[in-house]
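**Q** no sequence on this one, just coordinates:
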């Protein structure tokens, strides 16, 4: 059994890791840290886990994270960049669910995240944990930067088109809609049910931190910079991201075949039949991205619909998928949960 | 035009007062205070009011509340008890939407609210602002204690039965369900859409602050103490309270006729036809309590269903109704808004 | 008082007309028809209207619609095209809230709506009822085609850019999100709370009936055909449309100034300060379109955010606005309702 | 592997059986019937099951249900009463998720369900499938009547008190709140998101079909008839039932200890610590009932809070639990799913 530590277990990605790992056949959570809730039983804070986990939150010091085989950082940005080094030195593998190691250009990262980076050297080593493009590198990685939720949905939706050189790269558009759990388990007026319920809005149009991450990923696939307009929106639901992607075709390709071929054999990317409209609930609670590609009226604009559960394929599930790869386990181990519908 | 001041204009009862008073024919808001947002335009914080109110928030000092004819306290508990006296001395009438003046037994109040009362003498003077039982006293009042949201729905539902001496007083039950705006516009994890959405729970079963207020009101009507079990619940919606009331009949009364007679001529209490089930949305945004009375299977248990919008008849609308009475205006002035359905 | 008839009063646009007209100073509803509910009191079906309207539904025959000054068709598509002629002949003005008279190209209409048109000659006479572009024509019209909900939000958002010749016309994108009331008050599995709740999806990507209507309107403004990709989505809320519009600028214009100038003096279009993100709840229940225009990172892609309440500015409110114009009333008569927030 | 047939696989209990059985180690679904959708792939109707079930819906005839080891009826009331006999004769075990075999008094059943019973003789044989009171009888049963959703939550909440003789039996009150999936996957106006969303109401106060079922169960436990007032409510969420139960204590018992003792060793009933308020989301998707017992202010009224997922412990999960018992499998087989929170 792989011994797993979770740093920052009181947020949504933390509790989601606990939910997924409770059913993992080859991993066992041995430490969950929280400075604020240290001493409290995990299942007292999250009664959904009663009978499934017996641990209490501990301080990072008490947790003896060095005894773990792998540590997940389910923390705010700026923690893992300072705490990962020591664990790596102790031979522990690290998966950071925050953004600290996602952007290779450290100056760019510092601009968007508003802090100096504590470990620029480790950024270079970190492997970007999107298995569908980086599987082999992840297998050998000590340090994995788990992708953001929007970046996962957007990259999986655009990659087949970009890799095939089938679209104009200068004017990509990603219109994305997220459930409110993406904002985290933080007390903020804007995320109250009385504020965010029964309403819809865009946010961060001037610039969102996931923009440079997506541009980096698409630019790598294109082997050149891409022009991307990214508009995130908040939709009154709990889980789920729906990315609606627009691109201009440069050739008359069969987009359905293109997507099916690209994701053939991928366990966690499901290309729907032509003409489909994936609903976010069709992936609720599960580690899967469902994608449909359209060419409305047969024109030269391709519209890709890509849905994930932001907490699973967009966070904790992808982290477990990465762990499976890092430890030579079957990639699907512990990730067989059927989506909850209705 | 009556000059109106609002102390604490950034919460839900504050913005609701602004919405209602924007359409009032005989009142004009001349000051809205907020220490935190002083200087900000009201309509910048609440874009729903753009073009409808041109004021900015001011500090209580700047606001010159003494120049108002009436001041509404839309503040947390414990503010009006200290600030009302000076205004009253200046000849300003006061309506407190918080709980400071609701409970005549000051010791009881201090026990439930966890603070010493700043103005015990004013408590005795304050009139409990439920017009359907206190109309004449309100007309002459300088200081009105606007009822709580649960107490409004529960009292209006029980009063006809109690006044008629038709039910056992020892075992009344009020099972109440509230939308989340009742918790106020405060950053709290438990009220996040991701926490309170798509879920249902009871809270405060051991004791909720509205219990003594309801007991006081029902006890007055009964002219003796009553035994009441009150269980509030949080339901995943924004506005609305549904009170489901249970009592044992002591006589074979025609409950439908009893309710219709009691509320005949009341503009803001609507007794539905026998067999009805009021929905909270049927009062959304409007100053009305809709009530249906049932005797399931013709037995001796009476079930009363009473719905209000917690922010209107349960708070700001009732406050305006009280203001209308205090200033000799038509009781319905400014309160003609049709509920928003769907 | 203008005598108003409503054909098809049991749907959401019908009940919304009733809500708005209940407070109109110069109009009175004298007939509401419904074949299915004939004989039932309107307020028995919609308890939100108790005490506000005393009419019962009548059959179209009984309703003596010819005695009205104006008749609103709040019916499914294909009714007004057959029934308007007789009313017009009797001197009654007609506002059709369905799509029968919206598309000037009858063949195009028949293709999208799947039926033959019953009155092609009247289509030519009908005035497209978007006051912000057609005010004078509406004043003199006998027959007004009230715009669709998406077309209202999208046209108001694109018009300033197109009229100024500031954007590429070949690749406009409208990514729109609607609450479920847009689907009408019809029993359909897909619109159940258990299906559409807590989930998000696109629909009609291959082609939606509002596409030709939007293209017609934008094409008129441009005086040439436009290329538009229109993707509607269903979002788990009741009311509201959020249109996110994308266009490529052809000149370095000040988009904020452009929008402010275009809508100066318009009572029902509110251009927000630069950098704003309008929420649909900021227009809930009110006849207003709020718009914000952005140029992310100062690039050449303009992003316009345009929100309306689909049942008000997107349907019944706009219909009342049109009626006001047709009868020489103040354009804002009866439309002063403040949005309901929260 | 146990071969499982599902009759009526297009409703919510049907798709929930499919979700649960997709992960069952010892059972395999070999037939799913639907007259309406025969020929359609199950995963085309329910994309959440893509990759998890390869069956198509078949007509009941094609399905060869006699080859199954067990058949679940996830049908409307009145089907299993006519179709179970033939299967039982063929040696197939039957679990009916509808109400056909729940009420031992056939005349009572016919009164509440409005039809004549097709198999009164089988009613006597049928075992009521609430394992926590009937485990041994279920093990030996050929025909199990799976309890209703409300009856499960209410009985599990009242049983410890009644079995202990600790409460007055004449005036029990069950105030219950259900998510909308309890109404089934049927096109009905009242269950639309635009109708049932953001609103709360009671229904069936005059009498609901689950009332006789609950009375039967509690009466058996009490060995005498009980007086029960049962008021169901519709709450704007998808899954979950919250039962708030009220009873008058006849003795000064330690209710916490009483509940803990009664459910000691029960895998699917979780008694929370004293003072708790279970949320429905704490059981979302899982086969568990969480219960908290209170004595507000130490009085003689006991308040029990009991929550289940209506589709799991209130339907499909309990059906699988019954199947496990009937086939000698571990009672928890296939039921280890962790609740989905948030």
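**A** Noted; the coordinates are in hand. Keep in mind the model is a prediction, meaning the values are calculated, not measured.
**Q** so which strand or helix has the closest residue to residue A:255 other than its chain neighbours?
**A** Excluding its sequence neighbours, the residue lying closest to residue A:255 (CB to CB, 6 or more residues apart in numbering or on different chains) is residue A:293, at 4.3 Å. Backbone N, C-alpha and C define where each C-beta goes, glycine included. Taking DSSP states H and E as the definition, residue A:293 sits inside strand A:289-294.
**Q** which residues touch residue A:151?
**A** A:102, A:130, A:210, A:213-214, A:217 (CB atoms under 8 Å, 6 or more residues apart in numbering or on different chains).
**Q** After the host helix or strand of it, which helix or strand is next?
**A** According to DSSP H and E, residue A:151 maps onto helix A:149-163. Of the helices and strands lying after helix A:149-163 in sequence (DSSP H and E), the nearest is strand A:172-178.
**Q** now the helix holding residue A:151 against strand A:289-294, angle please.
**A** 50 degrees (axes from the mean of the first three to the mean of the last three CA atoms, to 10 degrees).
**Q** ok, and for helix A:149-163, which residues are buried?
**A** A:149-162 (16 or more other CB atoms under 10 Å in any protein chain shown).
**Q** Relative to chain B, which of these is nearest.
**A** residue A:149 (13.6 Å; CB to the nearest CB).
**Q** Neighbours of the residue nearest to residue A:255, how many?
**A** 26 (other CB atoms under 10 Å in any protein chain shown).
**Q** List the contacts of it.
**A** A:160, A:255-256, A:258-259, A:271, A:274, A:302-305.
**Q** residues from chain A in reach of chain D?
**A** With CB under 8 Å from any CB of the partner chain as the criterion, chain A meets chain D at residues A:12, A:15, A:19, A:22-23, A:46-52, A:181, A:185, A:197-198, A:238-239, A:270, A:272, A:276, A:278-279, A:281-286, A:290, A:336-342.
**Q** Pull out the buried residues from the residues you listed.
**A** Buried members of the residues of chain A next to chain D, counted by 16+ other CB under 10 Å: A:12, A:15, A:19, A:22-23, A:46-50, A:52, A:181, A:185, A:197-198, A:238-239, A:270, A:272, A:276, A:278-279, A:281-286, A:290, A:337-342.
**Q** Show me what from the stretch 1-150 of chain A comes close to chain B.
**A** So the stretch 1-150 of chain A meets chain B at residue A:12 (CB under 8 Å from any CB).
**Q** Tell me which stretches of the stretch 1-150 of chain A form strands.
**A** A:2-7, A:27-33, A:70-73, A:93-96, A:127-128, A:143-145 (DSSP state E, counting those that start in this stretch).
**Q** can I get these in JSON lines with mean neighbour count and mean pLDDT?
**A** Formatted as JSON lines, the strands of the stretch 1-150 of chain A follow (neighbours: other CB atoms under 10 Å in any protein chain shown; pLDDT from 0 to 100):
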{"stretch": "strand A:2-7", "mean neighbour count": "24", "mean pLDDT": "98"}
{"stretch": "strand A:27-33", "mean neighbour count": "21", "mean pLDDT": "97"}
{"stretch": "strand A:70-73", "mean neighbour count": "27", "mean pLDDT": "98"}
{"stretch": "strand A:93-96", "mean neighbour count": "26", "mean pLDDT": "98"}
{"stretch": "strand A:127-128", "mean neighbour count": "22", "mean pLDDT": "98"}
{"stretch": "strand A:143-145", "mean neighbour count": "27", "mean pLDDT": "98"}
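**Q** Any chance of those in TSV with distance to residue A:190 as columns?
**A** TSV is the format used below for the strands of the stretch 1-150 of chain A (distance: least, CB to CB, whole Å):
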stretch	distance to residue A:190
strand A:2-7	27
strand A:27-33	28
strand A:70-73	25
strand A:93-96	26
strand A:127-128	30
strand A:143-145	27
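**Q** ok, residue A:173 - how many residues close by?
**A** 24.
**Q** Residue A:135 versus the nearest residue to it once chain neighbours are set aside, what's the distance?
**A** The shortest distance from residue A:173 to any non-neighbouring residue, by CB to CB, 6+ apart, is to residue A:246 (4.1 Å). Distance of residue A:246 to residue A:135, given as CB to CB, to the nearest Å: 28 Å.
**Q** Many thanks, I have nothing further to ask.
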